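In: the sequence and its predicted three-dimensional model are supplied below.
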Amino acid sequence: MFPFYYDPYFFLVLIGMAISGMASMYMKSTFSKYSEVKAANQGTAAEICRRILDMNGLSHIRLEGIRGELTDHYSAEEKTLRLSESTKNSTSVAAIGVAAHEAGHALQDKEDYIPLRLRHLLVPVTNFGQTAALPVIIFGLLIGRESGSFLISLGILLFSFALFFQLVTLPVEFNASKRAMVVLENSNLLNQQELKQAKKVLRAAALTYVAASITTFINLVRIFLVTRNRRR
């Protein structure tokens, strides 16, 4: 019989899905709300992002568009900042906040921010761990006994890299938002009311990373409990 056919801890999966879903819904609703609020400076998110980069000695960073909604990201390897369709040409407070956040990652890269460097190093290890963890655990359960216990422990260790990656991501994202708010305020790119609104958008975005960490932890606990019961 398949090792995970009966899972008394499946409710943990549902809890994780609920947490992630609520965080995602809150992020989307907050972004949507402040997407309707146009900034007084009338500059697009791309223009303001370019200005932030240039004034911080990052003129060499390419600024490009990318398809999708909220797919904005900064690539340290390519030295390229990409803004999504919902962000790039918008003059809203929400879009400017998101663009400034990504510029915050470019500032981290410039200053060799240690958590950012660590996150980059963890990407291949995390991807391998997530891919290999479940097959290793299942094989260990099928074998049983001592060899199986070793493989199960190895699988759990591999999966735990995902949690470590999520935990490292938290300070990276929070710090990028903090840098964004400082730049926006010091450069008078947004007024005080708009700064408060942009901060709400970035806080909502940060909650999605917190939710991802909690969900990964819940999944790790579930795997541990299921395999513990199977080994008994």
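Out: Yes, it's here.

In: CA atoms for contacts and neighbours, from now on please.
Out: Will do.

In: which non-adjacent residue is nearest residue 210?
Out: Nearest non-adjacent residue to residue 210, counting by Cα to Cα, 6 or more residues apart in numbering: residue 170, 7.0 Å away.

In: give me the element the one you found is part of.
Out: Residue 170 is part of helix 145-186 when elements are defined by DSSP states H and E.

In: point out where this structure drops to low pLDDT.
Out: 1-7, 145-146, 229-232 (pLDDT under 70).

In: just to revisit the earlier point, show me what the helix holding residue 170 is packed against.
Out: On a contact count with 3 or more Cα pairs under 8 Å, 6 or more residues apart in numbering; DSSP states H and E, helix 145-186 meets helix 93-110, helix 114-143, helix 192-231.

In: gap between that helix and the chain center?
Out: Put simply, helix 145-186 sits 10 Å off its chain's centre (Cα atoms, centre = their mean, to the nearest Å).

In: stretch 138-147 too?
Out: Distance, centroid of stretch 138-147 to centroid of chain: 34 Å (Cα atoms, centre = their mean).

In: grab the nearest non-local neighbour of the residue nearest to the spatial centre of the chain.
Out: Residue closest to the mean C-alpha point of the chain, counted by Cα atoms, centre = their mean, is residue 209 at 4.9 Å. Spatial nearest neighbour of residue 209, chain neighbours left out: residue 170 (6.5 Å); criterion: Cα to Cα, 6+ apart.

In: got it, and residue 76?
Out: residue 109 (6.5 Å).

In: and residue 177, by the same measure?
Out: The nearest residue in space to residue 177 (Cα to Cα, 6+ apart) is residue 101, at 5.1 Å.

In: could you do residue 96 as well?
Out: residue 45 (4.5 Å).

In: would you confirm that that neighbour contacts residue 90?
Out: Yes - proximity of residue 45 to residue 90 meets the contact threshold set by Cα atoms under 8 Å, at 5.8 Å.

In: these two - which one has more neighbours?
Out: For residue 45 and residue 90, the more surrounded residue by other Cα atoms under 10 Å is residue 45, and the numbers stand at 26 against 21.

In: got a list of what that one touches?
Out: 87-92, 95-96, 99 (Cα atoms under 8 Å, 6 or more residues apart in numbering).

In: check contacts around the nearest residue to residue 9 once chain neighbours are set aside.
Out: Spatial nearest neighbour of residue 9, chain neighbours left out: residue 222 (6.1 Å); criterion: Cα to Cα, 6+ apart. Residue 222 is in contact with 9-10, 12-13, counting by Cα under 8 Å, 6+ apart.

In: which of those fall within strands?
Out: When DSSP state E defines the strands, the subset of those inside them is empty.

In: among the residues you listed, which one sits closest to residue 144?
Out: residue 9 (20.8 Å; Cα to Cα).

In: wait, the closest one touches residue 224, no?
Out: No - look at residue 9 against residue 224 with Cα under 8 Å: they stay out of range, at 10.3 Å.

In: with that, I have no additional questions.
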